[in-house]
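Student: curious how this folds, go ahead:
(chains A and B)
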Protein chains: 2
Amino acid sequence: MKANAIPLAAVACMLAFTATHTRAADPLPSWNDGKSKQSIAAFVEKVTKKGTPDFVPAPERIAVFDNDGTLWAEQPMYFQFFFALDRIKVLAPQHPEWKEKEPFASLLKGDMKAALAGGEASLVQIVMATHAGLTTEEFEKAVSDWIATAKHPKTGKLYTEMVYQPMLELLTYLRANGFKTFIVSGGGIEFMRPWVEKTYGIPPEQVIGSSGGLKYEIRDGQPALIKTPEIFHNDDKDGKPVGIQRHIGRRPIAAFGNSDGDLQMLQWTAAGAGPRFCLYVHHTDSEREFAYDRESHIGKLSKGLDEAAAKGWTVVSMKDDWKTIFSHDKK
Amino acid sequence: MKANAIPLAAVACMLAFTATHTRAADPLPSWNDGKSKQSIAAFVEKVTKKGTPDFVPAPERIAVFDNDGTLWAEQPMYFQFFFALDRIKVLAPQHPEWKEKEPFASLLKGDMKAALAGGEASLVQIVMATHAGLTTEEFEKAVSDWIATAKHPKTGKLYTEMVYQPMLELLTYLRANGFKTFIVSGGGIEFMRPWVEKTYGIPPEQVIGSSGGLKYEIRDGQPALIKTPEIFHNDDKDGKPVGIQRHIGRRPIAAFGNSDGDLQMLQWTAAGAGPRFCLYVHHTDSEREFAYDRESHIGKLSKGLDEAAAKGWTVVSMKDDWKTIFSHDKK
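Tutor: Predicted structure coming up:
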């Protein structure tokens, strides 16, 4: 053994430590320095510091994220709706009656406004018609094929490229600090599961969403689960804390949303004992993304904005707080 | 630095390695050597061996376990039923009408047979009456208090001492090999969650069970989730693969049960592509536990026994395959 072996090893150790330390110094590089970023870091440091009264054991570090408008964009329309529209075009030849039947007739003519005149009921009808009857595996394949190729109507990007870079960093940062990250979305649970693991690093068992009926049956000698056209759980508003209880059975300590549909989830999270963190993403950037809040028909944020101000929750201004919104924006 | 420092460190390393290796050599010490134990080890080795066609990546190593009769005992009656009975005694003063109303009147007189004459419907009525109306947190406390003190009518042990030692070892062994372990039980999801983490090492978000209604409301100025008296999901038979799909969204590669109520879960698991493992616990030990199968009113195992034989699933004989059943049996 040479005399300088140990000092060299020590130097290597120090270099490795410095490199790690430098990387760890900014786990949120797409966030501008400011109150929002500071509030996140302060919360994470607080709950992970052993031996303090605010310390939260790792199994209880549950963080819940809305999806549409919080992790990926939701304009000009929920992306799942575009999936349903594309499914209708695929399925139309098997449904000649759709030519006469609303909302399908208007949709097939490209008249979106007339198709959606029926409001929520039309939306549900469209989603049911395009999602039910398939086995869960057939549906998963339909989603996987679509998400791999379909493009956003405004940006021409894949939908999985319409995810917010700062939120991806936040998910990674929380997980590196022992948090378990869940999606809690009004979107369809089976629509999200095929792609969220790759895109967000969230496995299917940590996805909570709206769901339809499911029926177990033997098809061609093999057991199969068939999607049926009932609404089983509507994971929006009051449905979010309910969905959290059903799936997680433990109250989250951190919740992230962007609309009034997320308010009950944030309230439920905030009302627990000990340190809690609630954050709203506020869509304020009409150039790099979209600007909307109190008057929007999608992702309306009005009551939530008032409650966030009253309760001191973090409100992220996409325009001011985010250096980068989409990874493809990067200069 | 002394000349012998390195050899000593190397010896320490080797000792540590040997100790680990010796422990790892029998991760299932309560299992007798034999076909059952061998079949488990062979499966785990197969799916964890990188670079082979049977290798399964860790996120897909989902293992599902029934609870009653598979992880803990279920005789002379499901333990949750004893919890409900005890709740009825606690609640009776607030319900004078129960003195005249079945099944409560018979229960309060201690006439179990008359109380259960109504079959499944009586059971549901008893469970609903004792579980609904509470907030999820109140209910959790009621379960935690009960499970900490209530004793099994035959053995006088705590119910959490009525768990099968070989199955605890199996859970630990699977997790040490990258499996994620889930409970999939006909029992109430909220009845299991308060104690399974400590007893089985399974966190609440990995528990699937039967569930009632849940309602979000503001109570005394605070958000609360109230249990309501509907059946939301019956996690038995066909309901097991449905519950698995709703909660996990991925087909398990290994499934463990003890009754015909688990058959669909085992079928669903077995029918997936790639290596699969299905195991039935067969209650064959009338001395150390209970012996029952085809004719039992609880945990009936008849169709399942036939299908296991036909498909070559592992059938564990508690009498022959288990050295120890309960940890308190140990000599």
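Student: which bits of the stretch 151-300 of chain A sit near chain B?
Tutor: A:180, A:189-190, A:193, A:197, A:203-207, A:211, A:214-216, A:222-223, A:225, A:232, A:238-239, A:241-242, A:245-250, A:264, A:267-268, A:271 (Cβ under 8 Å from any Cβ of the partner chain). Using the backbone N, CA and C atoms, a C-beta is placed for each residue, glycine as well.
Student: just the buried members of those?
Tutor: Among those, the ones that count as buried by 16 or more other Cβ atoms under 10 Å in any protein chain shown are A:180, A:189-190, A:193, A:197, A:203-207, A:211, A:214, A:216, A:223, A:225, A:238-239, A:241-242, A:245-250, A:264, A:267-268.
Student: ok, and the closest non-adjacent residue to the residue nearest the centre of chain A?
Tutor: For chain A, the residue whose C-alpha lies nearest the mean C-alpha position (Cα atoms, centre = their mean) is residue A:67; its distance is 2.0 Å. Closest residue to residue A:67 in three dimensions, ignoring its sequence neighbours and counting by Cβ to Cβ, 6 or more residues apart in numbering or on different chains: residue A:185, at 3.8 Å.
Student: which element, helix or strand, includes the one you found?
Tutor: Under DSSP states H and E, the secondary-structure element containing residue A:185 is strand A:180-188.
Student: pull that strand out as CSV, backbone CA atoms only.
Tutor: Coordinates of the C-alpha atoms in strand A:180-188 are reproduced here as CSV (Å, rounded to 0.1, in the frame of the first residue of the first chain):
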residue,chain,number,x,y,z
LYS,A,180,-44.8,9.2,-1.2
THR,A,181,-46.3,11.1,-4.2
PHE,A,182,-49.9,10.4,-5.3
ILE,A,183,-52.1,11.8,-8.1
VAL,A,184,-55.6,12.8,-7.1
SER,A,185,-57.4,13.8,-10.3
GLY,A,186,-60.9,14.4,-11.6
GLY,A,187,-59.6,12.6,-14.7
GLY,A,188,-60.1,9.0,-15.4
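Student: who are the packing partners of it?
Tutor: Counting contacts by 3 or more Cβ pairs under 8 Å, 6 or more residues apart in numbering or on different chains; DSSP states H and E, strand A:180-188 packs against strand A:62-65, helix A:165-176, helix A:189-200, strand A:207-219, helix A:239-247.
Student: CA atoms only: put the first one into PDB for me.
Tutor: If I follow you right, that is strand A:62-65. Output of strand A:62-65 as PDB, limited to C-alpha atoms (Å, rounded to 0.1, in the frame of the first residue of the first chain):
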ATOM      1  CA  ILE A  62     -48.000  11.700   1.900                       C
ATOM      2  CA  ALA A  63     -48.200  14.300  -0.900                       C
ATOM      3  CA  VAL A  64     -51.100  14.500  -3.200                       C
ATOM      4  CA  PHE A  65     -51.200  16.200  -6.600                       C
END
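Student: and after that strand, which helix or strand comes next?
Tutor: helix A:79-91.
Student: okay, and for the stretch 1-150 of chain A, where does confidence drop off?
Tutor: In the predicted model, the stretch 1-150 of chain A carries pLDDT under 70 at residues A:1-24.
Student: all helices for it, in order.
Tutor: Assignment of helices within the stretch 1-150 of chain A using DSSP state H, counting those that start in this stretch yields the ranges A:5-25, A:35-48, A:79-91, A:104-108, A:112-115, A:120-131, A:136-149.
Student: now stretch A:152-171: how far from the chain's centre is it?
Tutor: With Cα atoms, centre = their mean, to the nearest Å as the basis, the distance from the averaged C-alpha position of stretch A:152-171 to the chain average is 11 Å.
Student: what's the answer for stretch A:131-141, then?
Tutor: For stretch A:131-141, the distance between its averaged C-alpha position and the chain's averaged C-alpha position is 22 Å (Cα atoms, centre = their mean).
Student: and that stretch with chain B, contact?
Tutor: Yes. Contact check for stretch A:131-141 against chain B, using Cβ under 8 Å from any Cβ: residues in range are residue A:136.
Student: which among the helices and strands packed on strand A:180-188 is found nearest to residue B:84?
Tutor: Closest approach to residue B:84 among the helices and strands packed on strand A:180-188 is made by helix A:239-247 (20.6 Å; Cβ to Cβ).
Student: helices or strands next to that closest one in the packing?
Tutor: For helix A:239-247, the contact count by 3+ Cβ pairs under 8 Å, 6+ apart identifies strand A:180-188, strand A:207-219, strand A:222-233, helix A:263-270, strand B:207-219, strand B:222-233 as packing neighbours.
Student: run through who's touching it.
Tutor: Helix A:239-247 is contacted from outside by A:64, A:182, A:184, A:186, A:208-210, A:233, A:235, A:251-252, A:261-262, A:264-265, A:267-268, B:136, B:189, B:205, B:211, B:214-216, B:223, B:225, B:232, B:247, using Cβ atoms under 8 Å, 6 or more residues apart in numbering or on different chains.
Student: okay if I get the helices and strands packed on helix A:239-247 as a markdown table plus distance to residue B:33 and mean pLDDT?
Tutor: Listed next are these as a markdown table, based on distance: least, Cβ to Cβ, whole Å; pLDDT from 0 to 100:
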| stretch | distance to residue B:33 | mean pLDDT |
| --- | --- | --- |
| strand A:180-188 | 38 | 97 |
| strand A:207-219 | 37 | 95 |
| strand A:222-233 | 34 | 94 |
| helix A:263-270 | 50 | 98 |
| strand B:207-219 | 32 | 95 |
| strand B:222-233 | 40 | 94 |
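Student: turn those into TSV, including distance to residue B:159.
Tutor: Listed next are the helices and strands packed on helix A:239-247 as TSV, based on distance: least, Cβ to Cβ, whole Å:
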stretch	distance to residue B:159
strand A:180-188	28
strand A:207-219	30
strand A:222-233	31
helix A:263-270	31
strand B:207-219	16
strand B:222-233	21
